[in-house]
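**Q** got a sequence here, can you build the structure:
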Amino acid sequence: MKKSKCYEKSGKKTMIGGQALIEGIYMRGPNRTATVVRKSDGTHVVREKEYKPAKKKCPILGWPFVRGIFVFGGAIKDGVSELMFSANECEIGEEGEPTKFDLWVEKKLGKERAEKLLMGFSVVVGVLMPIALFILLPALLSSFVDFGGRLWLRNLVEGVLRMGIFLLFIFLTSRMKDMRRVYAFHGAEHKTIHCYESGEELTVENVRRHTRKHPRCGTSFLFVVMLISIIFFSFVRTEIWFPGVTAKWAVTLIRLASRLVLLPVVLNISYEFNRIVGRYDNFLTVALRWPGVAMQSMTTNEPDDEMISVAIDAIRRVIPENGEDDKW
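**A** Just a heads-up that it's a prediction; the model follows:
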């Protein structure tokens with residue numbers, strides 16, 4: 001097996017991917033999804049679903065430079081849903097009594113509708129929080145400084161702030177005690193996918209030998225989004241497009257609005273970039289994906305055998321009968 005410090009080559013590149021959860025792992029294959037959560041007694045709770053990609057429902061959603069935003073949105077929706085499922089199965093927060101607000105909502109809407117409302121709220125928060133933190137906040141902060149009409153300098157400072165906030169967020173979460181186990185499950189997910197791609201039998205011993213860093217990870221994708229947003233927004237000069245607007249508050253609002261409007265473009269470009277550099281193993285593609293892969297030193301930890309067994313259980317449930325169906 002050929003390895004390097006930050007990645008490992010394999011014979012097959014699969015589209016199977018996953019997400020670390022609270023005491024569990026979510027895996028998505030070409031036709032099925034599976035969530036496996038480890039209970040305190042060591043047993044596994046499993047939730048499996050049929051999966052139909054958006055492009056099968058509407059072919060245009062599978063077009064290059066269109067599909068990225070829908071893949072990203074679907075991943076957030078499914079990820080939040082499975083995260084809530086894992087928290088519920090692990091009995092997180094079950095020790096305390098329901099709040100008066102919880103009881104009032106359940107009484108007014110019913111248990112099922114209340115759960116759907118909570119799910120919808122969580123998805124909205126899951127989408128808005130990273131947009132506000134990584135996209136809007138840097139643009140807002142850079143607007144407080146007078147750059148003397150040097151738009152390139154303003155955009156540069158905004159980009160540096162964006163990358164700095166993102167890296168600081170990753171670093172701080174990696175230091176949180178509760179997140180360390182989640183990141184260890186993240187490592188188990190990557191190791192298991194590497195083992196599957198290498199064609200080895202999916203056993204704890206085989207999985208453990210592989211690296212916990214994977215070039216087609218969501219962390220790498222987010223890093224690429226940050227990087228491409230810096231380059232892309234450096235060409236977005238709202239002050240030139242709206243020469244009649246001089247009030248500082250109005251200019252700031254236009255800048256923030258431009259970031260929101262053009263964000264789908266950034267996501268689509270980032271998605272296509274990740275697909276290309278993840279498909280090939282040559283000097284250029286390895287160099288391009290190196291920063292995102294290296295950052296996984298913070299977002300993955302070495303898993304224990306129980307975590308690996310959860311990952312193996314999850315991936316086995318989504319591997320298609322036809323080995324070509326999950327080809328990257």
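**Q** which of the helices and strands in this protein ranks last by mean pLDDT?
**A** Between all helices and strands in the chain, the lowest mean by mean pLDDT, DSSP states H and E belongs to helix 100-109, at a mean of 57.
**Q** other SSEs contacting the following helix or strand past that helix?
**A** With elements assigned by DSSP states H and E, the helix or strand that comes after helix 100-109 is helix 111-130. Judged by 3 or more Cβ pairs under 8 Å, 6 or more residues apart in numbering; DSSP states H and E, helix 111-130 is in contact with helix 67-89, helix 100-109. Using the backbone N, CA and C atoms, a C-beta is placed for each residue, glycine as well.
**Q** let's see that with 6 Å instead.
**A** Contacts defined by 3 or more Cβ pairs under 6 Å, 6 or more residues apart in numbering; DSSP states H and E place helix 111-130 against helix 67-89.
**Q** could you tell me the angle between the helix it packs on and helix 111-130?
**A** Relative orientation of helix 67-89 and helix 111-130, computed by axes from the mean of the first three to the mean of the last three Cα atoms, to 10 degrees: 130 degrees.
**Q** which helices and strands does helix 67-89 pack with?
**A** For helix 67-89, the packing partners by 3+ Cβ pairs under 6 Å, 6+ apart are strand 17-21, strand 32-38, helix 111-130, helix 248-279.
**Q** tell me the average confidence for the helix or strand immediately after the last one in the chain?
**A** The one in question is helix 248-279. Per DSSP H and E, the first helix or strand lying C-terminal to helix 248-279 is helix 283-294. Average pLDDT, helix 283-294: 88.
**Q** before we move on, what about stretch 84-93?
**A** 76.
**Q** now that stretch - C-alpha only, CSV.
**A** Extracted in CSV, the C-alpha atoms of stretch 84-93 (Å, rounded to 0.1, in the frame of the first residue of the first chain):
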residue,chain,number,x,y,z
MET,A,84,-30.9,14.6,15.5
PHE,A,85,-31.6,10.9,15.2
SER,A,86,-28.3,9.9,16.7
ALA,A,87,-28.7,12.4,19.6
ASN,A,88,-32.1,10.9,20.3
GLU,A,89,-30.9,7.3,20.2
CYS,A,90,-28.0,8.2,22.5
GLU,A,91,-30.5,9.7,24.9
ILE,A,92,-28.8,13.1,24.8
GLY,A,93,-30.8,15.5,26.9
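**Q** that stretch: which residues count as buried?
**A** By 16 or more other Cβ atoms under 10 Å, the buried positions in stretch 84-93 come out as 84, 85, 86, 87, 89, 90.
**Q** now do stretch 184-200: everything it contacts.
**A** 8, 10-12, 14, 18, 20, 25, 202, 206-207, 210, 212, 214, 300-303, 307-308, 311-312, 315 (Cβ atoms under 6 Å, 6 or more residues apart in numbering).
**Q** how far away from the center of its chain is it?
**A** Averaging C-alpha positions (Cα atoms, centre = their mean, to the nearest Å) puts stretch 184-200 17 Å from its chain's average.
**Q** same question for stretch 48-65.
**A** On the basis of Cα atoms, centre = their mean, stretch 48-65 sits 18 Å off its chain's mean C-alpha point.
**Q** residues contacting that stretch, please?
**A** With Cβ under 6 Å, 6+ apart, stretch 48-65 has contacts from 31, 32, 33, 34, 67, 70, 268, 272, 317.
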